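Colleague: Give the three-dimensional model of this entry:
(chains A and B)
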Amino acid sequence: MTKPVATRDSYGEALLEVGKKYENVVVLDADLSKSTKTYDFSKTYPERFFNVGIAEQNLIGISAGLAAAGKIPFASTFAMFATGRAFEIIRNSVAYPKLNVKICATHAGITVGEDGASHQSLEDIAVMRVIPNMTVIVPADGVETKAVIHAIAEYKGPVYVRLGRSAVPTINEENNYRFEIGKGVVLKEGKDVTIVATGIMVSKALEAAEALAAEGINAGVVNIHTIKPIDKDLLVETAKKTGAIVTAEEHNIVGGLGSAVAEVIVESYPVPMKKVGTMDTFGESGKPDDLLKKYNLTADAIAEAAKEAIKLKK
Amino acid sequence: MADYQALQKISTGIRRDIIEMLHAAGSGHPGGSLSAADILTVLYFHEMKVDAKNPKWENRDKFVLSKGHAAPVLYAALAEKGFFPKEELYKLRKVDAMLQGHPEMKGTPGVEMSTGSLGQGFSSTLGMALAAKLDKKESRIYTLLGDGELQEGLVWEAAMFAAHYKLDNLTAFIDLNGLQIDGPNEVVMGVEPVGDKFRAFGWHVIDIDGHNLEEIVAALIEAKNTKNKPTLVIAHTVKGKGVSFMENSVGWHGNAPKKEDAEKALAELGGEK
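Modeller: Just a heads-up that it's a prediction; the model follows:
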């Protein structure tokens, strides 16, 4: 593993790359460009950057109009405001007409930290994935983030990308990593249980698998970066192979990755499942690492859940 | 020079189509469709550069019906312009029909944005106006808002943005008929003084009689000649205009005419069948 990088930083770098590659890429922000990292794009391509002020509904409405006129708008603000405040504009003005808008929201999850519950979006995966036509992607590290931004610039249609504030370990190799929308990545094959993780929990899933190995449990690890459309084939294959699944996400256990995986598993190949995530609660202020511990978003919590899932096997 | 006689004939035809399609649909919004008929007539049959045979023509002007519930007036204008056959009008709001209760851009030629949730169409026109400027196109962007729609917060986010970015290729109409579904604007939630509010937000504001074709034409010329500012045309209108028993009646905001009322309305409107 190389040094930790926040996915929002990689987003900012990737924007410069796609901005150079595609003339019709435009970027919009709602007065948070230094936090969302769209700032560098705004300095490099000022004529293609629009600060809308603190007006998230308008951020999305304008993006819809730009997309209708053939632009590829990347709209950024914090996940809370992008998916919460602007939800209905995303639903009616972007997803319903299937417009080519990329909503790249940062500061998702509890690792926002000290700003507290009002800014910790733990519901965004749920509310975005319930919208028809929407693609939902949660990169696990900086390398994956860059690959995602390039891929969605090519893809035609609405996309929600969930990015984080805090630095996370880099688990993918820049030169070898191949990203495909909707295709999960098997990071480790297993026999006894599969840990299906997304976003910052992927590196913790790898840690958990190592800890479990020390106890003689062979856990597989799958990175589901695309929550929608979810990689149904891979999930069913893994359920057949290991017979138990643990999901791990920095999100409410209601409606997120765990729910999405359960929907597939229960209909196609039911096996015992356990979900690691926030337990239908709001967060609070604190250091990101302290919060991850308090809210059981740790490798230990994943390993425990894996053992419980194995116990549930018939 | 505009041919006002011809335009008048078209606007009567559009009003007839509104009544007929709403009667066929059995539900929908006649009042706010009739009040906007003259504005859409001038836009589609005098002002805007559009090509019904090539709806996606890249240098076209664009119109977004932000008050999406007035879909019938838009559909009538588009059908008259030749974007789709008039038969479609009589399938409005029916299952498997092209014409949805509120405008839907994917399946309907000539519809530039899916609207219906108020404030959103207006917001989208900012993106269209920005794109036209980025691409150095002469295209002009038009939108029509309802007066009740001004109660949406998004409208004011959009108004602020349009002036800040000097979107002088954008012209917004307010269909100021004074009534919304729960009653008069000024009883439900006062919106006046509309002109002062938009002027304070940095817009050029023109007040007109929204049923006077010459005033609509003149306002559009003034809007085109206004640089560095978006223009708001406050069209003072009569809800239900053209059908005596629908005029200024809240009851006809969201009720379709039954057979007898439809026949009475068509007889009053006159014009060609």
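
Colleague: all strands of the chain, in order?
Modeller: Going with chain A. Secondary structure of chain A, counting by DSSP state E: strands at A:2-6, A:25-29, A:49-51, A:72-76, A:102-105, A:135-137, A:159-162, A:167-170, A:185-188, A:193-197, A:219-223, A:226-228, A:245-252, A:273-278.

Colleague: Actually, chain B is the one I wanted.
Modeller: B:62-65, B:141-146, B:170-176, B:179-180, B:183-184, B:204-209, B:231-236.

Colleague: which ones are touching residue 37?
Modeller: Just going to use chain A. By CB atoms under 8 Å, 6 or more residues apart in numbering or on different chains, the contact list for A:K37 reads A:8-9, A:11-12, A:15, A:106. C-betas here are computed from N, CA, C, even on glycine.

Colleague: wrong chain, I was asking about chain B
Modeller: Counting by CB under 8 Å, 6+ apart, B:A37 makes contact with B:11, B:14-15, B:18, B:73, B:76, B:241-242.

Colleague: now A:E123
Modeller: A:83-84, A:251-252, A:255.

Colleague: so where is chain B shaky, pLDDT-wise?
Modeller: Along chain B, the model assigns pLDDT under 70 to no residue.

Colleague: and the residue sitting nearest the centre point of chain A, what are its phi and psi?
Modeller: Most central in chain A under CA atoms, centre = their mean is A:V138, positioned 1.7 Å from the mean C-alpha point. Dihedral pair for A:V138: phi -130, psi 100, per degrees, to the nearest 10.

Colleague: Any figure for the gap between it and A:V127?
Modeller: From A:V138 across to A:V127, the span is 14 Å (CB to CB, to the nearest Å).

Colleague: Need the residues that contact stretch B:178-193.
Modeller: With contact meaning CB under 8 Å, 6+ apart, stretch B:178-193 is reached by B:31, B:146-148, B:150-151, B:239, B:248-250, B:253-254.

Colleague: Kindly report the same for stretch A:274-288.
Modeller: Stretch A:274-288 is contacted by residues A:110-117, A:120, A:122, A:165-166, A:201, A:245-254, A:256-258, A:262, A:291, A:294-297, A:301-302, A:305-306, A:308-309, A:312 when judged by CB under 8 Å, 6+ apart.

Colleague: hmm, which of those residues are the buried ones?
Modeller: Applying 16 or more other CB atoms under 10 Å in any protein chain shown to the contacts of stretch A:274-288, the neighbour count classes A:110-113, A:120, A:122, A:165-166, A:201, A:245-253, A:256-258, A:262, A:291, A:295, A:297, A:301-302, A:305-306, A:309 as buried.

Colleague: in the longest helix seen in chain B, what counts as buried?
Modeller: Secondary structure assigned by DSSP state H gives helix B:4-25 as the longest helix of chain B. Across helix B:4-25, burial judged by 16+ other CB under 10 Å covers B:7, B:10-25.

Colleague: With just CA atoms, put that helix into CSV.
Modeller: Only the C-alpha atoms of helix B:4-25 are listed here, as CSV (Å, rounded to 0.1, in the frame of the first residue of the first chain):
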residue,chain,number,x,y,z
TYR,B,4,-51.3,39.7,-36.6
GLN,B,5,-54.4,38.4,-38.4
ALA,B,6,-52.6,35.1,-39.0
LEU,B,7,-51.3,35.0,-35.5
GLN,B,8,-54.7,35.6,-34.1
LYS,B,9,-56.1,32.8,-36.1
ILE,B,10,-53.4,30.5,-34.8
SER,B,11,-54.0,31.5,-31.1
THR,B,12,-57.7,30.7,-31.5
GLY,B,13,-56.8,27.4,-33.0
ILE,B,14,-54.5,26.6,-30.1
ARG,B,15,-57.3,27.5,-27.6
ARG,B,16,-59.6,25.2,-29.5
ASP,B,17,-57.1,22.4,-29.3
ILE,B,18,-56.6,23.0,-25.6
ILE,B,19,-60.3,22.6,-24.9
GLU,B,20,-60.6,19.6,-27.2
MET,B,21,-57.6,17.7,-25.9
LEU,B,22,-58.5,18.3,-22.2
HIS,B,23,-62.0,17.2,-22.8
ALA,B,24,-60.7,14.0,-24.4
ALA,B,25,-58.2,13.5,-21.6
